[in-house]
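I would like to see how this sequence folds:
(chains A and B)
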2 protein chains.
Amino acid sequence: MQITREKWSKNFSEWFDWVLREGEFYDYGRYPVKGMGVWMPYGFKLRQNIISIIRNLLDSTGHEEVLFPLLIPEDLLSRESTHIKGFEEEVFWVTKGGSEDLDVKLALRPTSEVAITTMENLWLKSYKQLPKKYYQIVSVFRYETKATRPMIRLREITTFKEAHTVHETYDDAQRQVEEAIEIYKKIFNNLTIPYVLSERPEWDRFAGALHTYAFDTIMPDGKVMQIGTVHHLGQNFSRALDFKIQKKDGSLDYPHQTSYGISDRAIASVIAIHGDDHGPILPPSVAPIKVVVVPIPAKNEEGTQQVMKYSIEICEMLNKNNITCVTDQDTEKTPGEKFYIWEIKGVPIRLEIGPRELASSTVFIKRRDNLKSYTVKKEEVVNKVKEVLNEIQEDLRKRAWESLKSRIEYANDIEKAKNILENNSGIVEVPWCGSKECGLKIEELTNARVLGYPIEDRKVNDKCVICKMNAKTVLRVAKTY
Amino acid sequence: MQITREKWSKNFSEWFDWVLREGEFYDYGRYPVKGMGVWMPYGFKLRQNIISIIRNLLDSTGHEEVLFPLLIPEDLLSRESTHIKGFEEEVFWVTKGGSEDLDVKLALRPTSEVAITTMENLWLKSYKQLPKKYYQIVSVFRYETKATRPMIRLREITTFKEAHTVHETYDDAQRQVEEAIEIYKKIFNNLTIPYVLSERPEWDRFAGALHTYAFDTIMPDGKVMQIGTVHHLGQNFSRALDFKIQKKDGSLDYPHQTSYGISDRAIASVIAIHGDDHGPILPPSVAPIKVVVVPIPAKNEEGTQQVMKYSIEICEMLNKNNITCVTDQDTEKTPGEKFYIWEIKGVPIRLEIGPRELASSTVFIKRRDNLKSYTVKKEEVVNKVKEVLNEIQEDLRKRAWESLKSRIEYANDIEKAKNILENNSGIVEVPWCGSKECGLKIEELTNARVLGYPIEDRKVNDKCVICKMNAKTVLRVAKTY
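Reported below is the predicted structural model:
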């Protein structure tokens, strides 16, 4: 076996569909509602592991998990005018209960700002209760008219982690935005997903937000995917819902809010980003199975049984040390067939155990990511596997970051930018004066989408690619999902 | 403080509403959609702990967790004719996406038999893959026309654990029914919820099932609540969805299925059953906070600060030993006010720590359930608290079982049965010949609901209360939720 990345990069969509179904992550396109897939047991475990990482980081920073109803009445969803404009064309509406028409149409939540603010208005009265940080992990629904894609563009997004916070002041909400960004960096770091953080331009903010900050990553085909967003909502929603709190100075005022979300796309990127033509390579931090043992049959039945016994013993040793291990005990498949199956599932380490290993009390360890192998004594297996898992985790992250960085290019000429995007995709940074007019022109001329600009100051000794005025920063442009 | 159970038993509805809101479990009746409530942070943790118990028991018995879409197309939901008849009047329908009318109406899942069988039909081909056991924990929706009640009768049931299994033979499905019953017994035992297990009569089966077995418990007001059901579906759904598997003998046939569910009602019963007029008493197995420390102020500020320091030290000791403890550090409330708050939250143990405890390096331990108290040396606190938590767990279970058993009465006369139900509620067992006609007559004459009959043989030396033929078993009758 050699590492190739042809299918993975050139036909990423097919590769991804193949991995999701054959790897038994997610069955998509066969359930009889468009844009809605089924989490299969193996994929569900990966999803749970990723959710655990998110939960732990949110819980340890004072976020409290809640669960709000799915349905939002039309009149409530319409309270914040920019918000409803942004969502009204993509909301699923419940209009009937049994054979009766409902008095008020009910939206399947596209996001929960108005639902949560409604209850915050009952729960929170004083600055003493602030800052308050809630989150929930739920399905949200979008009546997507664009082509749907498994985990990436869905009508039911099943793993929407949405956090909603309340603050006495604008500045404290801004501090929360920064905290959220740090939390998201930790989450993506733990998931080994590299990212580019940008402030979205004013024409691409979340509907109802003052500022939107977004994490984007680059997928194997070079297209950019948004994997997390953080919004400063200011007083837009509290004002629309007449939600006031008593401030420290005794006055009543609308509190400031933020919201931030991560979705199934985080899971999609974990599966996609470290792949090769044999399948995905799951980071050990979230892999449902960290080690698979494939017994290699001996020449006779007795030998084969001894190999199996030894394989199971090794696997149990690993499990006892909290390294999730499975022995493939199927007696009908060849080792080669088993390798194939576990590769599509992205298991990071394979142990091959045959008569030779049995005879010498050793184990053959194969790294899935770079195909390096090691033969170690039985008593060294646990430590070696731990060490290799750590190395894989670090190497996956490192390689992914290098790949991402290599796909960000600078172009001080709009034609050059357009060419890069058409030939190599990735992200192009162009010098920009900061005006909306020039920004929209850049989108138009590159036939791509503006991601935004860096949140840190960026000195650019160049002229805006459109108006030729002095550039204030760079604008990032990409072909996006 | 004395233990009284007036409000709790006589005005249970008010008691329950008060506990849910004041204890910050679940905000109900204020979210602007009827029959849908909000899980608040504290209630959400209780819910998570209960879900963990359910998950662990299912995972350890070979059940695999999955996640299916919320929406089921009308034509799919209608495939099994009894099933759709049972549900059609209580389904919420999505009919619009944005401003467009959908081609096919989409149901918010009332339950997932047809959705899951659809995919099983793609995934399962051979007896070698069986038995197969899937489950998911999701929201289900019922357009209830009866009066809704928090956690008990909802339009969005947010914690529906539904298991779905597939078997080669009828008998293996029956074996699964028995396994499911054993699992549910363990779950309710762990939750300290007593139950009565009955086979539901043919006129009250799950829509589409051959047999329905149900767990019922008796609530503080004497009314009976269904808390879990197990269904033998036979080949009804596999036939309706043309789902065949290859059997061991090579033939193709419809597999046999079971399904079983537990809902928010399990959580409601945990909160309700062990209560008194001061609030609920949560079993330590699921209590989000097992111990609360209430510092008792000293006569001077310095002493009060030392007490606080000592309180925090004790609490940390407990947390380090995996006993979730919180110190109430509020400086504005009196100890009495704090007692009140933590009682409504159902925390099973309270530690009172004041100048006396500080001076003597002791801790005052108060059991919430029977108000017994103990003063122990600091170094004995961890062990004593562990011991007391175990005792509370056992005592709650025991008392609840005794209470349940005391509320099951036998009556061989229909008037007597009716009187018991009208005056004391609970469950009445009446001798029954086994005929549907007599069963329905019993319901009519007692103005109550038939729960069913024991699953084990029950010798009854009596005549059917209606037809006076020899009774074959007893029929259980109750006022129900």
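
where exactly do the helices run in the stretch 151-300 of chain A?
When assigned using DSSP state H, counting those that start in this stretch, the helices of the stretch 151-300 of chain A occupy the ranges A:170-190, A:236-240, A:264-273.

What residues of the second one count as buried?
Taking 16 or more other C-beta atoms under 10 Å in any protein chain shown as the neighbour-count basis, helix A:236-240 is seen to contain the buried residues A:236-238, A:240. Every C-beta, even on glycine, is put in place using the N, C-alpha and C of the backbone.

cool, the longest one as well?
Applying a neighbour-count criterion of 16+ other C-beta under 10 Å, the buried positions in helix A:170-190 are A:172-174, A:176-177, A:179-181, A:183-184, A:187-188, A:190.

Mind picking the two most distant members of the residues you listed?
Maximum pairwise distance in the buried residues of helix A:170-190, criterion C-beta to C-beta, is 26.7 Å, between A:D172 and A:N190.

right, and A:M151 touches A:A268 too?
Yes. In this structure, A:M151 sits in contact with A:A268. The criterion is C-beta atoms under 8 Å, and the distance is 3.8 Å.

got the contact list for A:L106?
The neighbours of A:L106, taking C-beta atoms under 8 Å, 6 or more residues apart in numbering or on different chains as the test, are A:71-74, A:93-95, B:33, B:92.

By neighbour count, which of the residues you listed wins?
The most crowded member of the contacts of A:L106 is A:L71, carrying 28 neighbours; neighbours defined as other C-beta atoms under 10 Å in any protein chain shown.

residues contacting it?
Remark: with contacts taken as C-beta under 8 Å, 6+ apart, A:L71 is in contact with A:94, A:106-109, B:33, B:36, B:156.

Using TSV, lay out these together with secondary structure, distance to A:E352 and pLDDT.
Compiled in TSV, the contacts of A:L71 are given as follows (DSSP: H, G, I helix; E, B strand; the rest coil; distance: C-beta to C-beta, whole Å; pLDDT from 0 to 100):
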residue	secondary structure	distance to A:E352	pLDDT
A:V94	strand	54	98
A:L106	strand	56	98
A:A107	strand	53	97
A:L108	strand	49	98
A:R109	coil	48	97
B:V33	coil	57	97
B:M36	coil	54	97
B:E156	strand	50	98
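
who wins for proximity to chain B among the helices of the stretch 151-300 of chain A?
Smallest distance to chain B across the helices of the stretch 151-300 of chain A (C-beta to the nearest C-beta): 10.6 Å, for helix A:264-273.

Report whether that closest one contacts chain B.
No. Residues of helix A:264-273 contacting chain B under C-beta under 8 Å from any C-beta of the partner chain: none, with a closest distance of 10.6 Å.

Any idea how far that helix is from the middle of the chain?
5 Å (C-alpha atoms, centre = their mean, to the nearest Å).

Now do that helix against helix A:170-190, angle only.
In terms of direction (axes from the mean of the first three to the mean of the last three C-alpha atoms, to 10 degrees), helix A:264-273 departs from helix A:170-190 by 30 degrees.

who's in contact with helix A:264-273?
Applying C-beta under 8 Å, 6+ apart, the external contacts of helix A:264-273 come out as A:12, A:16, A:19-20, A:25, A:46-47, A:50, A:54, A:150-152, A:154, A:157-160, A:187-188, A:191-194, A:217, A:219-220, A:225-228, A:280, A:282-283, A:286, A:346, A:400.

Name the SS class of the closest residue to chain B within the stretch 251-400 of chain A, please.
The nearest approach of the stretch 251-400 of chain A to chain B comes at A:E332, 9.6 Å away (C-beta to the nearest C-beta). Classification of A:E332 by DSSP: H, G, I helix; E, B strand; the rest coil places it in coil.

pLDDT wise, what is it at?
We note a pLDDT of 93 for A:E332 in this prediction.

Report how many residues lie close to it.
Residues within reach of A:E332, counting by other C-beta under 10 Å, total 6.

got it, and A:F68?
There are 25 residues near A:F68, going by other C-beta under 10 Å.

what about A:C438, which helix or strand?
Counting by DSSP states H and E, the element that carries A:C438 is helix A:436-446.

Show me what that helix is packed up against.
Secondary-structure packing of helix A:436-446 (3 or more C-beta pairs under 8 Å, 6 or more residues apart in numbering or on different chains; DSSP states H and E): helix A:414-423, strand A:427-432, strand A:449-454, strand A:473-478.

Let me have these in CSV, extended by distance to chain B, mean neighbour count and mean pLDDT.
Compiled in CSV, the helices and strands packed on helix A:436-446 are given as follows (distance: least, C-beta to the nearest C-beta, whole Å; neighbours: other C-beta atoms under 10 Å in any protein chain shown; pLDDT from 0 to 100):
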stretch, distance to chain B, mean neighbour count, mean pLDDT
helix A:414-423, 30, 16, 96
strand A:427-432, 31, 26, 98
strand A:449-454, 22, 20, 98
strand A:473-478, 27, 25, 98
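
Would you mark the buried spots in the helix holding A:C438?
Of the residues in helix A:436-446, those buried under the neighbour-count criterion (16+ other C-beta under 10 Å) are A:438-439, A:441-443, A:446.

How far does it sit from its chain's centre?
For helix A:436-446, the distance from its own C-alpha centre to the chain's C-alpha centre is 28 Å (C-alpha atoms, centre = their mean).

Now do it, average pLDDT.
Confidence over helix A:436-446, taken as the mean pLDDT, stands at 97.

Taking strand A:473-478 as reference, get the angle to it.
If you take the same axes, to 10 degrees, helix A:436-446 sits at 30 degrees to strand A:473-478.

Between helix A:414-423 and helix A:436-446, find me the angle.
Between the direction of helix A:436-446 and that of helix A:414-423, the angle (the same axes, to 10 degrees) works out to 50 degrees.

Run through who's touching helix A:436-446.
Contacts to helix A:436-446, defined as C-beta under 8 Å, 6+ apart, come from residues A:201-203, A:414, A:417-418, A:421, A:428, A:430, A:432, A:449-450, A:464-467, A:475, A:477.

So A:Q235 sits against A:P255, correct?
Yes. With the criterion set as C-beta under 8 Å, A:Q235 and A:P255 qualify as a contacting pair; they are 7.3 Å apart.

which of the two has more neighbours?
The residue with the greater number of neighbours, taking A:Q235 and A:P255 and applying other C-beta under 10 Å, is A:P255; the counts read 29 against 17.

which residues touch that one?
A:P255 is in contact with A:124, A:130, A:166-168, A:235, A:238, A:243-245, counting by C-beta under 8 Å, 6+ apart.

Can you name every helix or strand that the lengthiest helix in chain A contacts?
With secondary structure taken from DSSP state H, chain A has its longest helix at helix A:381-406. In terms of contacts (3+ C-beta pairs under 8 Å, 6+ apart), helix A:381-406 is packed against strand A:211-218, helix A:301-320, strand A:349-353, strand A:362-367, strand A:373-377.
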